[in-house]
Structure formats: C-alpha cells, structure tokens
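S.K.: Pasted the sequence and its predicted model underneath.
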Amino acid sequence: MQELILIRPTSEYASQIVEYRQEFLDAGDSMDGMGPLRRISNPEEYIQICLDHEDPLKVPSHLVPATQFFFIRKSDNRLVGMIQVRHCFNDYLEKYAGHIGYSVRPSERRNGYAKEMLKMALPFCREIGIDKVMITCIDGNIGSERTILANGGVYEYTIHEPNNNEDLKRFWITL
C-alpha cells in the first residue's frame, strides 16, 4: 500500500476540503466521520471548529470532545479520507454512533484506505485512554463491516436508529 498518514486539519488542505465535501454532496452519500462538514462550506471555519472540538472547554454542550484527522496519500498529497475519534460518549454516541466515524472519498473507495485509516487511528484511541472502542456501521454496508472486522471488531448486536430510520451494527475493538 502507498504511504498514508493521519494528520489534524490544516489550511494547507482548504481547497481539498471543499472538493471532498462536494464529492459527497454530489454522490448523495452520508458524511460520516467528518464532524460539521455537511453544514459548513467554509474550509477555514470547518478547520477551526474541528480544532476547537478537541478542547472540552470549547466543545458545545450537546457534543463531546473529538479529534478530527485527515487521511492523506503522501505520493500526491491527496485527502482520501477522514476519521473522527470521539473521546467519550454522550447518550446518542453510546447507543448509536460510538467512538469513531470515518469516510473515504467516493472516488477513492475499494483501495483498502478505510481499513488502514482505522488501523492508524486505534493507537490514538489508546493514547487518550480508550481501551475498548465502540464503532457502528449501517447494516448492509459490507465494506465498512469488513473494515471493522479486519481491525479486530467483534459484533455485539444490531440496533435501530430512529432519527435516520436505519439499522446499525455495533462492534467493539479491544485495544
């Protein structure tokens, strides 16, 4: 596999953030693991919010502290994925979403990027004191399920999420 890195959001990727967001909007795809990118089109504002959300004193009360990472392919410095690590749970995350959300740019899928990105994020989870990671995927999303299983995920059960009317498979990865 090509050399890939996880980095925190920076202005260097502002134009790619815009392209990444648009690619998901054009595909009508969910924007998992991107934080507030669906509702924020200004990349500099998005970057600042991501950085602010790492600080428990700056994160809005309805959210939890989270660290946003960009997954960069070094050969062409291309933003190919995003992954968000939530440092703890609120009621919704504990029931439906888990510690980690991630996405791979639609044009870059089926290259093993999600599997590698999740693998690279797990040591960070350990660093911030998470010893057992909960992660979910939509029932029927075979690619995401394989990604989770390949990283040690153990299926717990499937739960119905009423807001989006979807069934979510819950997995745990012990670090």
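M.R.: Perfect, I can see it now.
S.K.: which residues touch the residue nearest to residue 86 when sequence neighbours are not counted?
M.R.: By the measure of Cβ to Cβ, 6 or more residues apart in numbering, the closest residue to residue 86 outside its immediate chain neighbours is residue 66, 4.6 Å from it. Where you see a C-beta, it was placed from the backbone N, CA and C, and this is true even at glycine. Contacts of residue 66 were listed using Cβ atoms under 8 Å, 6 or more residues apart in numbering, and they are 35, 53, 54, 59, 84, 85, 86, 87.
S.K.: Residue 156: which of the residues you listed is nearest?
M.R.: Using Cβ to Cβ, residue 86 comes nearest to residue 156 of the contacts of residue 66, at 17.4 Å.
S.K.: can you give me the helices in this protein?
M.R.: Counting by DSSP state H, residue ranges of the helices within the chain are 14-27, 43-52, 91-92, 113-127, 142-150.
S.K.: What angle do helix 142-150 and the fourth one make with each other?
M.R.: Using axes from the mean of the first three to the mean of the last three Cα atoms, to 10 degrees, the inter-axis angle of helix 113-127 relative to helix 142-150 is 40 degrees.
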